[in-house]
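1. Predicted model and sequence below, questions to follow.
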Amino acid sequence: MLYQEKAVVDILRKAGNEIDLSEDEAIVLLSQTNKRMINKIRQTADCLRQKQAGNNVTYVVNQNINFTNICKQKCHFCGFGKDVEDQNSYTLNLENIIQKITNALKKGATEVCIQGGLNPNLKIEKSSLKYYQKIIISIKQRFPKIHIHAFSPQEIVFISQEDKLSYIYVITELKKAGLDSIPGTAAEILNDQVRNQICPEKINSNTWIEIISLAHSLGIYTSSTMLCGHIENIQEQVEHLSHLRNLQRKSIEQKYPAKITEFILLPFISKNISSFPSKYLQSQELNFDKIFLLTAVSRIFLGKWIPNHQPSWVKLGLYRAVETLKWGCNDFGGTLMEENISAMAGAKNGTYISAEKFQQVIKSINRYYKSRKTLYDYNSDQVY
Ligand SMILES: C[S@@+](CC[C@H](N)C(=O)[O-])C[C@H]1O[C@@H](n2cnc3c(N)ncnc32)[C@H](O)[C@@H]1O
Ligand SMILES: Nc1c(NC[C@H](O)[C@H](O)[C@H](O)CO)[nH]c(=O)[nH]c1=O
Ligand SMILES: N[C@@H](Cc1ccc(O)cc1)C(=O)O
Ligand code: SF4
């Protein structure tokens, strides 16, 4: 056996025994180009998926709402954020939001996922916090049982800055209003050199980590994400995963009342993104082989700390998302009903997939399907 191959086999044996890999070991895995070795990595990820999350592929019936696309920030990778004067800028009013949820409930939705641009005009009595609270309170008044998964760490920081309030106060007040969990978006790549190039105005890595940790300590569960396939290299990808693993370890070891529910890999959609620095444009074509390998290495590296892994079907398309179920993923995410962020960036994979379609594609690869709630407290028996 070649030296490199032996090194990979040893690393995979260690991972198979659920011993945490070092960053260098994960980099060795991500550097593999030989098909046979990549298949071994896939098999290890698939075994760990089975051990850590079982054979069920879960999904949640949810309604995605991007309540405004007006955004004062200019992240270079984003095709969603607009200026007020842009022709296609919008803000949904509360009636629009309530109507969307009313329709979603008819399709069995248990969750509403809400995120938007950073829009300083949305205030009640000069307070952004009051505006965000009003959204949550109005939804919970009408639909007390719906789970509200909303407002990324970036949006929490935006509210704090607009109103000059501490992060802890903002999260506590949103929780009191009825916020149930927070999407772990705005993570992009947790490396400040990369952030300075792709989203210089965004919160830095430490602030993202601080907000997620704070949420956990206050009993708010979060998801976690990584935006991949832009300018980042494999070292930076592993550094990102390492931050997530440390963060989760801390939440568990400190016995915080909440933690990370799942990891979602978000491939960068570049089609409509003219603002992205042109010197990087040529490297931006989605390389699906690399995404599958990264999916497997994410499962292996995050190990027993984060058992739920989800692809983004809006970004990958349905059939590539199904393929990730063989590379370590155990969850299919949400039905969404509608989506604007990927669509405005140029994704052409649709914005709604029914629960029945999820069930059909999951069955087609001989796996069980199971609907779940946002926090993975399973709500139905194994079905296939
Ligand atoms: C559009 S923002 C909405 C919430 C908030 N404005 C923020 O930045 O956290 C949510 C996430 O969408 C993702 N996103 C934005 N543009 C994207 C693109 N072109 N391709 C893939 N994901 C993208 C980023 O990961 C970002 O954190
Ligand atoms: N909302 C978007 C998601 N995923 C969210 C999931 O549907 C769901 O909220 C989560 O699984 C809760 O546990 N993914 C995207 O790529 N784009 C979205 O807008
Ligand atoms: N999937 C994220 C939310 C998300 C929203 C928009 C995206 O473009 C990507 C992800 C979560 O549930 O935590
Ligand atoms: S990623 Fe979020 S903060 Fe950045 S421009 Fe887009 S909507 Fe605004």
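-> That came in fine, so what should we check first? Numbering: from 1, shown residues only. Ligands and ions are numbered 1, 2, ... in the order given.
2. ok, what's across the strand from the residue in the stretch 51-200 of the chain positioned nearest to ligand 2?
-> Proximity of the stretch 51-200 of the chain to ligand 2 (Cβ to the nearest ligand atom) peaks at residue 113, 3.8 Å away. For every residue, glycine as well, the C-beta is placed using N, CA and C. Assessed by DSSP bridges, residue 113 has beta-bridge partners residue 64, residue 149.
3. Relative to residue 6, how far out is residue 12?
-> 11 Å (Cβ to Cβ, to the nearest Å).
4. picking that back up, the residue of the stretch 51-200 of the chain closest to ligand 2 and residue 334 touch, don't they?
-> Yes. Between residue 113 and residue 334 a contact is recorded at 6.5 Å, counting by Cβ atoms under 8 Å.
5. Are there residues contacting both of the two? Which ones?
-> Here residue 113 and residue 334 share the contacting residues 62, 64, scored by Cβ atoms under 8 Å, 6 or more residues apart in numbering.
6. So which of those two has more stuff around it?
-> Set side by side, residue 113 and residue 334 show more neighbours around residue 334, with 28 against 24, by other Cβ atoms under 10 Å.
7. Give me the phi and psi for the closest residue to the more buried one other than its chain neighbours.
-> Excluding its sequence neighbours, the residue lying closest to residue 334 (Cβ to Cβ, 6 or more residues apart in numbering) is residue 62, at 3.7 Å. Main-chain dihedrals, residue 62, degrees, to the nearest 10: phi -140, psi 160.
8. for residue 62, what are its contacts?
-> By Cβ under 8 Å, 6+ apart, the residues touching residue 62 are 104, 109, 110, 111, 112, 113, 149, 334, 335, 336, 337, 374.
9. One more pass at 7 Å, please.
-> By Cβ atoms under 7 Å, 6 or more residues apart in numbering, the contact set of residue 62 is 109, 111, 112, 113, 334, 335, 336.
10. Assign a three-state SS to residue 264, would you?
-> strand (DSSP: H, G, I helix; E, B strand; the rest coil).
11. related to what we said a few turns ago, the residue of the stretch 51-200 of the chain closest to ligand 2 reaches residue 64, doesn't it?
-> Yes. Applying Cβ atoms under 7 Å, one finds residue 113 in contact with residue 64, separated by 4.8 Å.
12. Distance check, the residue nearest to residue 305 when sequence neighbours are not counted against residue 65.
-> Distance criterion Cβ to Cβ, 6+ apart; nearest residue to residue 305, sequence neighbours excluded, is residue 248 at 4.6 Å. For residue 248, the distance to residue 65 equals 27 Å [Cβ to Cβ].
13. returning to that earlier point: quick check: the two most widely separated of the contacts of residue 62?
-> With Cβ to Cβ as the measure, no two of those lie farther apart than 112 and 335, at 11.7 Å.
14. Count the residues that sit near the closest residue to residue 257 other than its chain neighbours.
-> Nearest residue to residue 257, sequence neighbours excluded (Cβ to Cβ, 6+ apart): residue 219, at 4.0 Å. When counting by other Cβ under 10 Å, one arrives at 12 neighbours for residue 219.
15. Distance check, residue 219 against ligand 2.
-> 17 Å (Cβ to the nearest ligand atom, to the nearest Å).
16. these two touch, right, that residue and residue 258?
-> Yes. Applying Cβ under 7 Å, one finds residue 219 in contact with residue 258, separated by 5.1 Å.
17. follow-up on the earlier one: who has more neighbours out of residue 12 and residue 6?
-> Neighbours were counted for residue 12 and for residue 6 using other Cβ under 10 Å; residue 12 has more, 22 against 10.
18. what about the residue lying closest to the more buried one once chain neighbours are set aside, distance to residue 212?
-> Distances taken as Cβ to Cβ, 6+ apart place residue 44 nearest to residue 12, at 4.5 Å, with adjacent residues excluded. Residue 44 sits 28 Å away from residue 212, going by Cβ to Cβ.
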